[in-house]
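J.: Let me see the structure of the following:
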Amino acid sequence: YTFIGITGDAKCPAALAGEVTLDEGDDITCTITNDDVAPKLTLIKKVVNDNGGTRTASEWTLTAAGPTGISGVGPQVASDATFKAGTYALSESGPTDYTAGAWSCVGGSQDGANITLGLGESATCTIVNNDTPPTLKLVKVVDTKGVGTAVPSDWTLTATGPTSLSGAGMVESAVNAGTYDLSETGPSGYEASGWVCTGGTQVDGDTVSLALAQNVTCTITNALRTGSLLPTQTTCEQYAAGPSAWPAMYPNFSYQAKANKITAVSPGVIFYYNTITAPSPTFTTTVTQTNTLNWKPMLIQDLGQAILYTSNCTKAAGVTVTATGTNPYNVTFNVTGATPGAVYYIGIKYSPQNLVGQAVKKGDISYYTWDTLGQLASDYTIGVKPKK
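T.: Sure, this is the predicted structure:
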């Protein structure tokens with residue numbers, strides 16, 4: 001308590017420790033007034049930005065709720081002379097991408113997030129918020145199409161950015177906020193899809209941006225490259241045995257032309273082969289053919305030359321084959337009675353001779369692409385060039 005003053009009769013002293021002289025018979029009354037001293041409470045906000053954060057203390061509101069509450073924005077909030085003794089509950093509000101530590105008080109009596117102050121006491125309570133790092137997880141998925149032998153750990157996945165990380169098959173770590181470039185290294189003979197990220201902001205096919213406190217997973221799938229164009233003598237058994245058993249393929253088709261029209265094409269017959277895995281007992285799969293100069297397609301000779309083989313290279317049962325397009329060159333296989341997960345081989349025989357008569361300009365090259373729709377790494381492209 002603090003001394004306020006002395007009031008009363010004229011002989012009362014004006015100050016504490018003053019003297020009073022009383023004559024015989026005097027009777028005086030002196031009153032001393034004291035006032036209780038208000039406690040003092042100071043709230044302090046500190047911010048740690050070590051994971052890419054940029055926020056400042058003024059973005060948080062600090063509050064002490066009690067007999068006479070106080071509240072205000074950081075970095076500091078202090079009580080005034082009207083502040084009363086008692087117990088106060090400490091809290092804050094502000095950005096959610098920072099992790100708050102515990103309140104730490106010097107002075108008073110602290111119990112967790114509560115501080116009790118008696119008359120005349122002072123306390124300073126501090127809370128620290130640290131920017132919450134995001135986490136980045138890279139995942140490799142391998143589609144062997146039932147015949148490949150690669151496993152996810154054969155690939156090294158890398159994210160290059162403020163905090164780079166790298167690992168085999170799958171890697172996960174807390175990182176600093178920012179933008180990361182994604183890449184991989186691994187076996188040849190497999191084709192990669194684009195990266196697919198959940199969480200964060202995917203800037204493009206191989207770049208992702210992470211904000212504080214985000215959990216981001218980026219997955220990339222590699223499929224065994226199985227689509228291939230092979231010479232007419234290639235058997236299903238040779239194709240199934242793998243590239244080492246395949247006959248040498250012509251580096252490109254060639255054509256001869258006269259009077260701006262194709263007069264001859266080499267080779268005369270080709271096969272498109274691909275490996276698929278049955279997704280269900282009943283399914284449909286389609287092989288398409290396109291070319292860059294919109295030339296005439298290479299035709300299948302008849303539907304009997306479009307075959308779906310089992311993994312033993314026997315003709316699969318329960319298969320209906322249809323051809324679509326102005327001429328039969330897009331082929332659809334309608335399959336029933338398949339074993340889900342079983343491996344099948346597509347084999348289609350094409351005749352490039354349909355290109356005879358195709359109008360051309362000097363030096364024209366058209367690139368033909370065969371593709372099994374919905375099957376990663378099933379496409380094969382070859383150029384039809386003028387014969388030298």
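J.: how about low-confidence regions in the stretch 151-300 of the chain?
T.: Within the stretch 151-300 of the chain, the segments meeting pLDDT under 70 span 249-252.
J.: change it to 80
T.: 243-244, 247-252 (pLDDT under 80).
J.: got the buried residues for stretch 280-291?
T.: Under the neighbour-count criterion of 16 or more other Cβ atoms under 10 Å, stretch 280-291 has 283, 285, 286, 287, 288, 289, 291 buried. Placement of C-beta: from N, CA and C, glycine included.
J.: for stretch 258-270, same thing?
T.: So, applying 16+ other Cβ under 10 Å, buried residues of stretch 258-270: 262, 265, 270.
J.: shouldn't the first one be in contact with residue 357?
T.: Yes: here residue 262 lies in contact with residue 357, judged by Cβ atoms under 8 Å, at a distance of 6.5 Å.
J.: hang on, the earlier thing: out of the buried residues of stretch 258-270, which one sits closest to residue 246?
T.: residue 270 (12.6 Å; Cβ to Cβ).
J.: Tell me who's in contact with the residue nearest to that closest one when sequence neighbours are not counted.
T.: The shortest distance from residue 270 to any non-neighbouring residue, by Cβ to Cβ, 6 or more residues apart in numbering, is to residue 350 (5.2 Å). Counting by Cβ atoms under 8 Å, 6 or more residues apart in numbering, residue 350 makes contact with 269, 270, 271, 272, 289, 298, 299, 300, 301, 329.
J.: next one: residue 197
T.: Contacts of residue 197 by Cβ under 8 Å, 6+ apart are 208, 216, 217, 218, 219.
J.: Setting the sequence-adjacent residues aside, check what's closest to the last one.
T.: Taking Cβ to Cβ, 6+ apart, and ignoring the residues beside it in sequence, residue 219 has residue 139 as its nearest neighbour in space, at 4.4 Å.
J.: circling back to that earlier point, among the buried residues of stretch 258-270, which are in strands?
T.: 262, 265, 270 (DSSP state E).
J.: could I get the residues you listed as TSV with distance to residue 71?
T.: Listed next are those as TSV, based on distance: Cβ to Cβ, whole Å:
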residue	distance to residue 71
262	84
265	84
270	79
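J.: Helices of this structure, residue ranges please.
T.: 236-241 (DSSP state H).
J.: mind giving me the domain ranges of it?
T.: 2-35, 40-131, 135-224, 228-386 (automatic domain parsing).
J.: Any chance you could spot the residue sitting in the middle of the protein?
T.: Central residue of the chain (Cα atoms, centre = their mean): residue 197, 2.8 Å from the mean position.
J.: Hmm, residue 124 and residue 105 touching each other?
T.: Yes: Residue 105 lies in contact with residue 124 (Cβ under 8 Å); the separation is 6.9 Å.
J.: more neighbours, those two?
T.: For residue 105 versus residue 124, neighbours defined as other Cβ atoms under 10 Å are more numerous around residue 105 (22 against 17).
J.: Pull the contacting residues for the nearest residue to the more buried one once chain neighbours are set aside.
T.: Excluding the flanking residues, the one nearest residue 105 by Cβ to Cβ, 6+ apart is residue 125, at 4.2 Å. By Cβ under 8 Å, 6+ apart, the contact list for residue 125 reads 41, 42, 43, 44, 64, 90, 103, 104, 105, 106, 110, 115.
J.: go on, residue 277?
T.: Residue 277 neighbours (Cβ under 8 Å, 6+ apart): 145, 146, 341, 342, 343, 344.
J.: Name the nearest of those relative to residue 163.
T.: Out of the contacts of residue 277, the member with the shortest distance to residue 163 (by Cβ to Cβ) is residue 145, at 35.9 Å.
J.: Could you pull up phi and psi at the closest one?
T.: When read as degrees, to the nearest 10, the backbone of residue 145 gives phi 60, psi 30.
J.: So it versus residue 20, what's the distance?
T.: 110 Å (Cβ to Cβ, to the nearest Å).
J.: Neighbour count for the two, which is higher?
T.: Remark: of residue 145 and residue 20, residue 145 carries more neighbours, 20 against 12, as counted by other Cβ under 10 Å.
J.: So that one versus residue 227, what's the distance?
T.: Residue 145 is 10 Å from residue 227, by Cβ to Cβ.
J.: Residue 152 now?
T.: Residue 152 is 22 Å from residue 227, by Cβ to Cβ.
J.: More neighbours: those two, which one.
T.: Taking neighbours as other Cβ under 10 Å, residue 152 and residue 227 compare with residue 227 leading, 22 against 15.
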